[in-house]
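Chemist: predicted coordinates and the sequence they were generated for:
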There are 2 protein chains.
Amino acid sequence: MELTRKGEYAIRGIVYLAKQPVGKVVLVSDVADATGVSQTFLAKIFQSFAKLGLVNSFRGTGGGFLLGRPAAKITLRQVVEAVEGPIMPNRCLSGEGMCTREAECMVHPIWRKIQGEVSSILDSVTLEDLAKEKK
Amino acid sequence: MELTRKGEYAIRGIVYLAKQPVGKVVLVSDVADATGVSQTFLAKIFQSFAKLGLVNSFRGTGGGFLLGRPAAKITLRQVVEAVEGPIMPNRCLSGEGMCTREAECMVHPIWRKIQGEVSSILDSVTLEDLAKEKK
DNA sequence: GTAAAAAAGATAAAAAAGGTCTTTAAGGGA
DNA sequence: TCCCTTAAAGACCTTTTTTATCTTTTTTAC
Ligand code: SF4
Ligand code: SF4
C-alpha cells in the first residue's frame, strides 16, 4: 500500500517540468539536480512518460524534455499510473477469474470501493494544481 | 499500492474465524484448508493476530484459535494493519522530517487525504459485516 | 508420560525495487 | 562532414521485500 520511490521521483520530476515556463525545454540533468534524484534513474522514468505522451522529448544539442500537453490536462493519476501501473489495492481487481472466491466474497467490494476513491482523488488533481506555490 | 498475499490471507483467515459459532476453537490447519493458504504461513499470520489480541490461542490438545473479541469490534483496518503495518500511501506520512521538501510540497496533502479516505473505509467495515453471507 | 497443538526462530527461494552502465540513435553547429 | 550533445534502449547488477518452509520449543489435555 505504499508508493515506490520510482513513483515519488516521477511526481517530483514532472511537477518540476510543470513549474517551467510554457514551451521551455529542460535537461534531464537539471531536473535530477533540482529534485534530488539520480539522473539515470529519472531518465528511465521520463522515457515512460514520453511513451505515453505525458512529456515530449528532443535529442541532441538544445534537447531535453517538456510537458506533452498543458499542465491542467495531466492528472496525478496519469503520472502515478504511468510508472506504477493501474491503481489496484488488491490483485482480484485486475479482472474476472483472478479469484475463485470472488462470487461469495464480501471483501472484494471493499477493495473496489477503495480503488474508486483513490482513483477519484488522484484524478481530481492536475499538474497545474501541483505546480502552484504553497500559500 | 497493492495488498500483499500475507494481507489477503490474513483477511481470509480471520473472516473464517468470524464465521464460526461464537466460542468455537478451530485448528489453524482447518482454517488453512478452508481458505486455501499454506498452514505454516497462516500460522505465522495468526501469531501476529494473537500478539495484538485480535485472536486468542490455546496450545495443546483441543487447542486452536478463536476471535479475541466480538466480530463487530474488529475492523478490517485492524486486520490489515496487523500484518501490513500502518496504512501509508507514501513514506513522508510516517512522521515529521521524513522529507525536507514537505514544507513547500503540494503533493503531500494529497497523500494525507488518501490515507484518511482509505483508513476511513477500512475502519467502517467489521468482521461481523464480512462474515455475513452474500445476498 | 505422551500426543497434540501453537510459539518462536532460523533458513531460503523468488520476486520486486532501485538503481547503473553501455551502446545506439538523433540533432545541431563548426 | 565530423564532432558534440542529448535522449532512447536495453543489458546488467545489488539490495530489499515477499513468500514461504523447516526445526525446535513450549504449553496443554488426557
Ligand atoms: S477472497 Fe475476495 S478479496 Fe480476496 S482475492 Fe478473492 S475476491 Fe479478492
Ligand atoms: S516531495 Fe512531497 S510528496 Fe514527495 S516525499 Fe516529500 S513531502 Fe512527500
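Modeler: Noted; the coordinates are in hand. Numbering: from 1, shown residues only, chains lettered A, B, ... in the order given. Ligands and ions are numbered 1, 2, ... in the order given.
Chemist: A:L17 and A:L67 touch, don't they?
Modeler: Yes. Using Cβ atoms under 8 Å, A:L17 makes contact with A:L67 at a distance of 5.4 Å. Heads up, the C-betas are built off the backbone N, CA and C, glycines and all.
Chemist: relative to B:V107, how far out is whichever residue of chain A sits closest to ligand 2?
Modeler: Chain A approaches ligand 2 most closely through A:E8 (5.1 Å), counting by Cβ to the nearest ligand atom. Distance from A:E8 to B:V107, counting by Cβ to Cβ, to the nearest Å: 9 Å.
Chemist: now do A:S124
Modeler: 13 Å.
Chemist: more neighbours, those two?
Modeler: The neighbour comparison of A:S124 against B:V107 (other Cβ atoms under 10 Å in any protein chain shown) goes to B:V107, with 20 against 13.
Chemist: wait, what's in contact with the more buried one?
Modeler: A:I11, A:V15, A:L76, A:L130 (Cβ atoms under 8 Å, 6 or more residues apart in numbering or on different chains).
Chemist: can you say which two of those are spatially most distant?
Modeler: A:V15 and A:L76 (9.3 Å; Cβ to Cβ).
Chemist: can you list residues touching both of these two?
Modeler: A:L127, A:L130, B:V107.
Chemist: these in helices, which ones?
Modeler: Judged by DSSP state H, these include A:L127, A:L130 as members of helices.
Chemist: columns pLDDT and distance to A:A82 on top of the shared contacts of A:V15 and A:L76, output as JSON lines?
Modeler: Listed next are the shared contacts of A:V15 and A:L76 as JSON lines, based on pLDDT from 0 to 100; distance: Cβ to Cβ, whole Å:
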{"residue": "A:L127", "pLDDT": "98", "distance to A:A82": "12"}
{"residue": "A:L130", "pLDDT": "98", "distance to A:A82": "15"}
{"residue": "B:V107", "pLDDT": "98", "distance to A:A82": "15"}
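Chemist: what's the neighbour count on A:V83?
Modeler: 21.
Chemist: and it, which helix or strand is it part of?
Modeler: Using DSSP states H and E, the element containing A:V83 is helix A:76-84.
Chemist: and that helix, does that touch chain B?
Modeler: Yes. Among the residues of helix A:76-84, A:L76, A:E84 lie within reach of chain B under Cβ under 8 Å from any Cβ of the partner chain.
Chemist: helices along chain A, start to end?
Modeler: Under DSSP H, chain A gives helices at A:5-19, A:28-35, A:39-52, A:76-84, A:108-123, A:127-131.
Chemist: so which of those is nearest B:C99?
Modeler: helix A:5-19 (8.9 Å).
Chemist: that closest one vs helix A:28-35, what angle?
Modeler: Orientation of helix A:5-19 against helix A:28-35 (axes from the mean of the first three to the mean of the last three Cα atoms, to 10 degrees) gives an angle of 100 degrees.
Chemist: same for helix A:5-19, what does it pack against?
Modeler: helix A:28-35, helix A:39-52, strand A:64-67, helix A:76-84, helix A:127-131 (3 or more Cβ pairs under 8 Å, 6 or more residues apart in numbering or on different chains; DSSP states H and E).
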